[in-house]
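Visitor: Model the structure of this input:
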Amino acid sequence: MTPTAKIFLITGVSSGLGRAFATAALDAGHTVVGTVRKDADTHAFTALHPERAHARHLDVTDDEAVSAVIGEVEKSIGPIDVLVANAGYGVEGTFEETPLSALRAQFDVNVFGAAATIQAVLPFMRERRRGHILAVTSMGGLATFPGVSAYCGSKYALEGILEAIGKEVAAFGIHVTAIEPGSFRTDWAGRSMTRAPRTLADYDELFEPIRNARRKASGRQLGDPARAATALLRVLDAPDPPAHLVLGSDALRLVRAGREAVDHDLDTWKDLTLSTDFPQTGEKGQQSAGRPRTDQG
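Guide: Okay, the predicted model is just below:
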């Protein structure tokens, strides 16, 4: 490896953004350990580079396996400099029509799978006082959309975890970045998406156009995975990397709109928000020093 080369661990490198991130890192001279689920994906990944592409079988929902794989990589490959927790998938369906089992499975992969991977890597990075943790959330982790409540919920949860971790480990020289992609030309909206069956006609008018539009747009999205990978590598070289990296013009537009909606509620209901505090000592027209106010001179 060159002096600036790093060791990456990227979960979910069989296709999509995970494969794009791994390919870009390998092309830049880094070593990449990528996790896969199938034997065929193992051979396809290691074929990307005979010496610097290493595949590991891993189900991120198996906590013990996650810890074992990361410990083995640290011993056999070397210190993990960069973790990209990318493994995840989408569940499509209105909330009322989505079985709770599907909701739990969504969180098991998207939230707890990422959390287990981060938690397993942190002791090594903390001991070395360096490292960069990145996790792929979504624009749906900062803004919500009807028909993907389970997915948005999982990504919002991951966003909160990542932001808090970043504040906990900053003193150890560890950076934490949430990557929030918009619509990219991957299999996310195709074979990688789980779709809840339709059962309630009341949602037809709202949801059927959304489902049809998503299927129609699959393969024609604005986002280029290779360009997303280039952006990720640029962040790694930044002395002060962002806690949030939004990728794609659609993501920027929709996340800003979502934030503006929150700001609108904050401004509109400010007086009601402030009315819930205990009265402050000395506040005009309120109780002072714990004694009842009187109007007598």
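
Visitor: Would you work out how far apart the start and end of stretch 185-204 are?
Guide: 27 Å (CA to CA, to the nearest Å).

Visitor: Show me the contact partners of that stretch.
Guide: For stretch 185-204, contacts defined as CB atoms under 8 Å, 6 or more residues apart in numbering pick out 15-17, 89-94, 96-99, 102, 106, 183, 207, 211, 214-215, 217-221, 223-225. Where you see a C-beta, it was placed from the backbone N, CA and C, and this is true even at glycine.

Visitor: Out of those residues, which end up buried?
Guide: Buried subset of the contacts of stretch 185-204 (neighbour count, 16 or more other CB atoms under 10 Å): 15-17, 89-94, 97-98, 102, 106, 183, 207, 214, 218, 221, 223, 225.

Visitor: Identify those among those residues that sit within helices.
Guide: The members of the buried ones among the contacts of stretch 185-204 that map onto helices under DSSP state H are 16-17, 102, 106, 207, 214, 225.

Visitor: how close does residue 96 sit to residue 107?
Guide: For residue 96, the distance to residue 107 equals 18 Å [CB to CB, to the nearest Å].

Visitor: now do residue 95
Guide: The value you get for residue 95 to residue 107, if CB to CB is used, is 14 Å.

Visitor: okay, and the common contacts of the two?
Guide: With CB under 8 Å, 6+ apart, residue 95 and residue 107 have common neighbours residue 150.

Visitor: Would you mind putting the ones in helices among the buried ones among the contacts of stretch 185-204 into TSV with pLDDT and distance to residue 79 alongside?
Guide: Output for those, formatted as TSV (pLDDT from 0 to 100; distance: CB to CB, whole Å):
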residue	pLDDT	distance to residue 79
16	92	27
17	94	24
102	97	38
106	97	32
207	91	47
214	77	41
225	94	27
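
Visitor: Which residue ranges of the chain form helices?
Guide: 16-27, 39-46, 63-76, 100-107, 114-128, 149-169, 204-217, 225-236, 249-268, 270-274.

Visitor: for this structure, longest strand please?
Guide: Looking across the chain with DSSP state E, the single longest strand is strand 174-181.

Visitor: Paired strands for that strand, with orientation please.
Guide: strand 131-136 (parallel), strand 244-247 (parallel) (DSSP bridges).

Visitor: possible to save those strands as TSV with mean pLDDT, distance to residue 265 and mean neighbour count?
Guide: Listed next are the strands paired with strand 174-181 as TSV, based on pLDDT from 0 to 100; distance: least, CB to CB, whole Å; neighbours: other CB atoms under 10 Å:
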stretch	mean pLDDT	distance to residue 265	mean neighbour count
strand 131-136	98	28	25
strand 244-247	97	21	20
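
Visitor: Adding distance to residue 254, write the ones you listed out as TSV.
Guide: Below are the strands paired with strand 174-181 laid out as TSV (distance: least, CB to CB, whole Å):
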stretch	distance to residue 254
strand 131-136	17
strand 244-247	9
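
Visitor: between those, which one is nearest to residue 155?
Guide: Proximity to residue 155 (CB to CB) singles out strand 131-136 among the strands paired with strand 174-181, at 9.0 Å.

Visitor: Kind regards, and thank you for your time.
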